[in-house]
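Peer 1: here you go, sequence then predicted model.
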There are 2 protein chains.
Amino acid sequence: MAKEKGLTPQSQDFSEWYLEVIQKAELADYGPVRGTIVVRPYGYAIWENIQQVLDRMFKETGHQNAYFPLFIPMSFLRKEAEHVEGFSPELAVVTHAGGEELEEPLAVRPTSETVIGYMWSKWIRSWRDLPQLLNQWGNVVRWEMRTRPFLRTSEFLWQEGHTAHATREEAEEEVRRMLSIYARLAREYAAIPVIEGLKTEKEKFAGAVYTTTIEALMKDGKALQAGTSHYLGENFARAFDIKFQDRDLQVKYVHTTSWGLSWRFIGAIIMTHGDDRGLVLPPRLAPIQVVIVPIYKDESRERVLEAAQGLRQALLAQGLRVHLDDRDQHTPGYKFHEWELKGVPFRVELGPKDLEGGQAVLASRLGGKETLPLAALPEALPGKLDAFHEELYRRALAFREDHTRKVDTYEAFKEAVQEGFALAFHCGDKACERLIQEETTATTRCVPFEAEPEEGFCVRCGRPSAYGKRVVFAKAY
Amino acid sequence: MAKEKGLTPQSQDFSEWYLEVIQKAELADYGPVRGTIVVRPYGYAIWENIQQVLDRMFKETGHQNAYFPLFIPMSFLRKEAEHVEGFSPELAVVTHAGGEELEEPLAVRPTSETVIGYMWSKWIRSWRDLPQLLNQWGNVVRWEMRTRPFLRTSEFLWQEGHTAHATREEAEEEVRRMLSIYARLAREYAAIPVIEGLKTEKEKFAGAVYTTTIEALMKDGKALQAGTSHYLGENFARAFDIKFQDRDLQVKYVHTTSWGLSWRFIGAIIMTHGDDRGLVLPPRLAPIQVVIVPIYKDESRERVLEAAQGLRQALLAQGLRVHLDDRDQHTPGYKFHEWELKGVPFRVELGPKDLEGGQAVLASRLGGKETLPLAALPEALPGKLDAFHEELYRRALAFREDHTRKVDTYEAFKEAVQEGFALAFHCGDKACERLIQEETTATTRCVPFEAEPEEGFCVRCGRPSAYGKRVVFAKAY
């Protein structure tokens, strides 16, 4: 169907650009129920690539997939006091099933710590049953007030890892190991620079002892929490009575962790790399890495398409994800426009004159065209895709550096959070943190692991810094 | 943890054997909510292998994955009269969310025809937008009265394919294409012989014009519907106003199909191949194809484990799924027992004497041991796994043939359905079919596609046969 492909420029209205590009590039559409989205094949293919990368890394680190039920008895959620306080305002509740009112209403899982804790209490007896290293791919429901495709939806797809360990040390190592995997996904596959750090008490997961996070900076200067990994201590072990007999014959509570990454990561990709022409997809997660657009008239159609097919085969044989756009009803110009909108890293243009010269034109989504021998393309493209990835990462990192400021006054702080990360000292008081949020809408993103030790005074109240280093603040999604 | 691994013999109580083997082999456990199960890593790994096989075949036939919302407005389900009649008794309903009562209650999807139909009505305009070839991996909820792990659970995982076409012919081809894929999964991967056929009007999917099915016979003589593919005609197109402008400029309704296969397929695997010692898993779907059990005393431990590690690497390099059971706390006998229970096709026993002779003992889960040169194992095993698959299939087919009878009297019919498939004529009258079910608990499984044309008289009422061939009847899960 014919469509208007023009996008609102990012500089004019970033938020509108975001919503438009999702619709026009056919990543997703709105579902009939408030706050839900339908993820269309092009968007879902990005999610499948993310799944594949993470699933492999999870399995390489000894995790196994399992599946726990969608419905959780309300009484389970109440067993961990902070957990229920955090999640109950967002619950969707099943009250009727099979034509009858249920005796106990069922929560649609907002996360699965409770039901997994319940099962572990049955499965775990001895230190030999530990560690439990589980992961689940599935859907969860959180009924949020303001929704936004991918970033905050009533239902979303994610993975949730849950592990149980004999010791605190081992559990804490796991927390950091999984956060590193998320950081690798971001940097090495999505070309997104991220800051790894600790959430403050105010921002931690409801039920955690502490939460670690990867934080990315979007092109509008807002932060996005792209994945979190929690140390849950003995909180859920005590709530669900998950105990084991250790080697020393003592009966102890297990130490648990959980860690999750959702399809909001797709939102991070869109807002880190996209431009006024549309998406720019990182090659290692792009559903299509190279699109071939044949250029022909009636009399040249057959031989151009034949050569295009041959090229497609040669690129497939290199393990590339390639698409040949052989639709007759659209002009090459229309196709160029569409695949730019869809963010395909490279486009090969192949016309009769190119064929005669045994060459093709290679256009990068980051700009620039070059003419290359047709026969050289299969060998050249993998390296060019790697270079494309590096360039994306370089640009995103440069953007972040340009939009990060160390600030020591509240005035400078307020300006800095208008356009990116503010690195500032904070007293560690939750009430002060809340006031900063009320006054500026900025929140603490994390206390970064890799920051130099520095002492100073709270950017808002002037009391001594609590963290021994600067805290990352920003407005956030 | 130590466990009682003994199983109730199949001949004594097949149903009890089934429940026990699922628990003891750690395929699944019961969830806290009525009728739900937790699929544990060993069971989930079988599901992942099924997913991988199907997903590849779906993509090879041009389908793409997408994701539609879990919650469906109740009003959607009412739009197709037969559909709502069939599903409303089984719905789970969300009435409250975010702390408030919803204006319109939401059904937790029992299947997604309605919400996909709604989206298609927005997406489809022209013949160029067709066909739509979508698949979704996800969970659905059907609140059934009697539940049974894998076979009938309140929530289950499945894939549901949904396609829309310009013509009836094309849609009907799709229905058969996808049924064939299910039949291939059964025969070529799960070693399960299946009968492909048409459901009678009484047994078809609620909302379909007709339903096709693959039917397998379990070891207790009961049938199991292992996958279905439906031609929905214009039913959902009319209910959701899904129209397109065809090449001839006429505006027409699309023709839709849907097809699904769930984790009940795991139940089919268990009950087709399992025996009194436990599971017997078909090699192409088995999480572990070969288990290595090292046999050592303290002084031989190191060199035996080293050789076992080497063998493990060599088998991995062959692309085999191999596990080395190097747990010190269990005896070899205990391990043999456990891996038999878990249905691993081949076990390699490796002790110090074997090592001296440069050989190992290979034990098949189907019986029999042989001594082979260690160095020959990596080359030999792939062929042996194929032969194992063939033998499983041969046995299951022989069982089915032994348990299938052509019957022409109601007495003979009643006897035949005690132990398997009865091939009988039927008048095609729904009321008569219902009486047969009431009187014998047997139902029509399908009108097989590949049966010789034959005329006769209804096995119950004596009226002329309606189908031009015998119908397959059985008691069923």
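Peer 2: Now that the structure is in, tell me what you want to look at.
Peer 1: any weak-confidence spans in chain A?
Peer 2: Residue ranges of chain A with pLDDT under 70: A:1-5.
Peer 1: chain neighbours aside, what residue packs nearest to A:Ala380?
Peer 2: Distances taken as C-beta to C-beta, 6 or more residues apart in numbering or on different chains put A:Leu372 closest to A:Ala380, at 6.4 Å, once the chain neighbours are dropped. All C-beta spots, glycine's among them, are computed from the backbone N, C-alpha and C.
Peer 1: my error: substitute A:Pro373 in the last question.
Peer 2: A:Pro373's closest residue in space is A:Gln359 (C-beta to C-beta, 6+ apart), at 5.4 Å.
Peer 1: measure that neighbour to A:Tyr296 for me?
Peer 2: Going from A:Gln359 to A:Tyr296 by C-beta to C-beta, to the nearest Å gives 16 Å.
Peer 1: over to A:Glu356?
Peer 2: 13 Å.
Peer 1: ok, now A:Glu433?
Peer 2: In terms of C-beta to C-beta, A:Glu433 sits 62 Å off from A:Tyr296.
Peer 1: what does A:Ala380 give?
Peer 2: Applying C-beta to C-beta to A:Ala380 and A:Tyr296 gives a distance of 24 Å.
Peer 1: give me the more crowded residue out of these two.
Peer 2: A:Tyr296 (19 against 15; other C-beta atoms under 10 Å in any protein chain shown).
Peer 1: enumerate every residue touching the more buried one.
Peer 2: A:304-305, A:351-352 (C-beta atoms under 8 Å, 6 or more residues apart in numbering or on different chains).
Peer 1: now it: phi and psi?
Peer 2: Dihedral angles phi and psi of A:Tyr296 (degrees, to the nearest 10) take the values phi -150, psi 160.
Peer 1: and the residue nearest to A:Pro373, backbone torsions?
Peer 2: Taking degrees, to the nearest 10 as the convention, A:Gln359 sits at phi -140, psi 180.
Peer 1: burial count for it?
Peer 2: The number of residues packed near A:Gln359 is 18, by other C-beta under 10 Å.
Peer 1: and stretch A:340-352, how far apart are its ends?
Peer 2: One end of stretch A:340-352 to the other measures 23 Å (C-alpha to C-alpha, to the nearest Å).
Peer 1: any part of it near chain B?
Peer 2: No. Judged by C-beta under 8 Å from any C-beta of the partner chain, stretch A:340-352 stays clear of chain B, getting no closer than 14.1 Å.
Peer 1: A:Ala431 is in contact with A:Glu201, correct?
Peer 2: No. If you go by C-beta atoms under 8 Å, A:Glu201 and A:Ala431 don't touch, sitting 11.3 Å apart.
Peer 1: of those two, who's got more company?
Peer 2: A:Glu201 (14 against 9).
Peer 1: how much space between the more buried one and chain B?
Peer 2: Distance of A:Glu201 to chain B, given as C-beta to the nearest C-beta, to the nearest Å: 25 Å.
Peer 1: quickly list the domain ranges of chain A.
Peer 2: Following the TED database, one finds the domains of chain A at A:14-273, A:290-385, A:404-475.
Peer 1: between those domains, which one is nearest to B:Met119?
Peer 2: Taking C-beta to C-beta, domain A:14-273 is the member of the domains of chain A nearest to B:Met119, at 5.6 Å.
Peer 1: adjacent strands (with direction) for the one helix or strand A:Gly161 maps to?
Peer 2: Using DSSP states H and E, A:Gly161 falls within strand A:155-165. Strand A:155-165 pairs in its sheet with strand A:132-141 (antiparallel), strand A:255-262 (antiparallel), by DSSP bridges.
Peer 1: would you list the ones you listed in CSV and tack on mean neighbour count?
Peer 2: Below are the strands paired with strand A:155-165 laid out as CSV (neighbours: other C-beta atoms under 10 Å in any protein chain shown):
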stretch, mean neighbour count
strand A:132-141, 21
strand A:255-262, 26
